[in-house]
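Trainee: coordinates only, no sequence provided:
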């Protein structure tokens, strides 16, 4: 019986209970990994997810923008290297991509989006991109897709250290340390990282230099897990991010400005396994603080600060062997104020019901969520997905969902302009995916159609601007992903790529949204011979309109960037790596935002030590 | 305007707007043979941007050209192009965010220099006795650092600064006096500064809240459009047209608007004031003692932004959604109908006659 319970526990720890065979068992002392954002494994089968980890993170610069720009089909509107960066996922707006930290939505309460240059990837074990709607699971903004920052907890893996350091062009330092200690009962993991750059690159084909672009950011993360007994486990994730960015100038005569961010995130989780039930209680506190110095030489600034307290209780019940019902109740209390917003607070309660059943070749998942708040009228959110394995190599996924983006603090409370009558933006979407998996090759292609209504836009109203629910946007297209690996003796070759075709039109004007390219593609080729490896990666970003009338004279040209690098692994178990990397090797002159010139060829050298 | 500017600033902070444009039109290097320059005898429309730009439309509407500064100089203008001033055969382009006034040949638009030191959020320029005067907000969050910069036009250097109240906006010169309307910048103000250029002394005249547009009427009075504080401030005040006698520098007449009416643009021609409010244009004769109750025409524009009148024509820019190229719409004031429409720059805000 004891054996049975422990097997069951391990089973759940792995969070594969839904679809794996029950015979699956693991020796007790093997390394065990606990994941906090369990929805990624349990309720994401019928949608495309892509996990970025290990060498992909190692070779990327520390900003989430650069990681995803090179490895995902998300488009970024980056206001110069390291500056404000907003995503467009499947042709949606920056507020329609949710960033999820260990299962918690961390988009700003003020503007509803995450600046992807305020996330340092060194603090996370993996970054997962989940395409398509996910509001039932992740709440507001999960319309185009979600980006997940995950910390795993390892048990039985002893004492492990990781040290990473990179130095490169523009005096860019990127260093990180991660240490973990774990036994069968507990797991402690602490990470520190810091990135800083003078960011004073020369513009290509110009005598101008990027002025006032210097920045730094520091992250502290702490993750803790304790198995109280065989039925109960406690987890804690803590995170602190501190950054200062000077905003680069368009003209040397501009008044220099700077921006400071201080964000904290804390999550405590208690999970209990009682027969056919799994009970999960989560308490979280997240805070965001920004200061904008309109003159970086002065001490005056405008600010914003918001705090949220989140309580969530989730009960899983195994209805049948391969069928699971989950009910969730949660409450989020937010209090925020800024230079333009008097202190306001809001409470949002939510109820969700999720069901999933797996058969031999078929699985389906269905979920519902309803939020209650006096802030706005909340629609019934749902998601329905079916996966069918036509053959062992080919699966079809069909998913339809209703998602939303709620009005932000700025939208609701901006002094004089805030509109309390606003309703959430809503999206009805459907997608059809095809997944092919062969021995060492995988290919997927997904077609999607997304009908987004009640888009919130600020419009002049008399002498002021007011946000109103107005635009109706249709986004549709396809996303494709390919990965191939081949090994011939000691030669290993890996080839990967993504491609996205996106149309995103304002339904009234029939015009493509600004800063949404029709085409984006990424590709990566890696060649490894014993301890040596070399790689080449490219990103193609199609042209974008910068004016809403799609005026052809105001287009940003398409660009194709290439990076190349080489690595050598030392040590008995190849646990020390040194690498050299060249970015934009063809010295392409490009802008991601009009007049915001990006750097030409640049390099960096890095070491990564595991001990 | 204030809120538009605030919002634009907000947008800039989040990185949605920038300068520049691509244009492959001809470079304008062919020297004019007889005329004053390529851009004489026409209308200039400045666009805040970004990208900021200047458009030219000939008086007979036969030619029009956008991005004339870029076309001539192969260089961008800095955001946000606030206004232009003209002195003899020079044009002065005032861009506030880049703290610069670019000096061009008035009719050629060839860049001749720039005033870049000593300005801080420049707004408007005026000229008196061969000297330039530029209003500056300074730090818009600091109410005590606003000033008028005194510019030596031969060297384009700021040679003196005259401290003034919060948020100096438009400036006009009459004899040895400069009149500055203080709309208040990011804040609210209600004064007209009167600067004596002979000794740089400053006197103030109190008017209604948020004075912006000013003209001199045929009786030699200074006519000021005060927009009044809008409702969202929580302290709404009445807008007015105030007339100031220039010999005594006192307000001699105040024509108040009704509650909730906040006109934003004003021009003067043929002895009549024209102003724009809520998509409608009104006409006010010099002798009228109250503001008119009915409009002379309703504009066919989404977002009227700039306005000017000359002779029997009314010129209005339509900024649309602030993210598309604007239109310049020209009305005949007699027939109240549209004479012509031209596509101009992004967020076109000022109209000048060259």
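Mentor: Noted; the coordinates are in hand. Everything numeric in this text was worked out from a predicted model, so none of it was measured.
Trainee: number of residues surrounding whatever residue of chain B ends up closest to chain A?
Mentor: Closest residue of chain B to chain A, CB to the nearest CB: residue B:232 (2.9 Å). C-betas here are computed from N, CA, C, even on glycine. Residue B:232 is flanked by 19 other residues according to other CB atoms under 10 Å in any protein chain shown.
Trainee: check contacts around residue A:295.
Mentor: Applying CB atoms under 8 Å, 6 or more residues apart in numbering or on different chains to residue A:295 gives the contacts A:255, A:256, A:257, B:139.
Trainee: let's verify whatever residue of the stretch 301-450 of chain A ends up closest to chain B: helix, strand, or coil?
Mentor: The minimum distance from the stretch 301-450 of chain A to chain B, using CB to the nearest CB, falls at residue A:416 (2.9 Å). Residue A:416 carries the three-state label coil when classified by DSSP: H, G, I helix; E, B strand; the rest coil.
Trainee: pLDDT at the closest residue to it other than its chain neighbours, what is it?
Mentor: Nearest residue to residue A:416 in three dimensions, chain neighbours excluded: residue B:232, at 2.9 Å (CB to CB, 6 or more residues apart in numbering or on different chains). On the pLDDT scale, residue B:232 is placed at 81.
Trainee: then residue B:232 would be within a strand, right?
Mentor: No - with three-state DSSP as the criterion, residue B:232 is helix rather than part of a strand.
Trainee: tell me how many other residues surround residue 121.
Mentor: You didn't say which chain, so I picked chain A. When neighbours are counted by other CB under 10 Å, residue A:121 registers 25.
Trainee: oops, chain B please
Mentor: 22.
Trainee: the residue of the stretch 301-450 of chain A closest to chain B contacts residue B:236, doesn't it?
Mentor: No - look at residue A:416 against residue B:236 with CB atoms under 8 Å: they stay out of range, at 10.8 Å.
Trainee: overlap in contacts of the two?
Mentor: By CB under 8 Å, 6+ apart, the residues touching both residue A:416 and residue B:236 are residue B:230.
Trainee: nearest spatial neighbour of residue A:307, skipping sequence neighbours?
Mentor: Nearest one to residue A:307, counting by CB to CB, 6+ apart, is residue A:287 at 4.6 Å.
Trainee: what pLDDT does the one you found get?
Mentor: 98.
Trainee: before we move on, what SS does it have?
Mentor: Under three-state DSSP, residue A:287 comes out as strand.
Trainee: what's the burial count for the residue of the stretch 51-200 of chain A found nearest chain B?
Mentor: Nearest residue of the stretch 51-200 of chain A to chain B (CB to the nearest CB) works out as residue A:79 at 3.4 Å. Residues lying near residue A:79 (other CB under 10 Å) number 27.
Trainee: likewise for the one 3 residues further on?
Mentor: Summarising burial for residue A:82: neighbours were counted as other CB under 10 Å, giving 29.
Trainee: look up how far chain B lies from residue A:290.
Mentor: 10 Å (CB to the nearest CB, to the nearest Å).
Trainee: for that residue, which residues are in contact?
Mentor: A:110, A:259, A:260, A:261, A:262, A:303, A:304, A:305.
Trainee: mind redoing it with 10 Å?
Mentor: Shown in contact with residue A:290 (CB atoms under 10 Å, 6 or more residues apart in numbering or on different chains): A:108, A:110-111, A:115, A:118, A:243, A:259-263, A:301-306, A:338, B:13.
Trainee: for residue A:211, give me phi and psi.
Mentor: Backbone torsions for residue A:211, taken as degrees, to the nearest 10, come to phi -100, psi 150.
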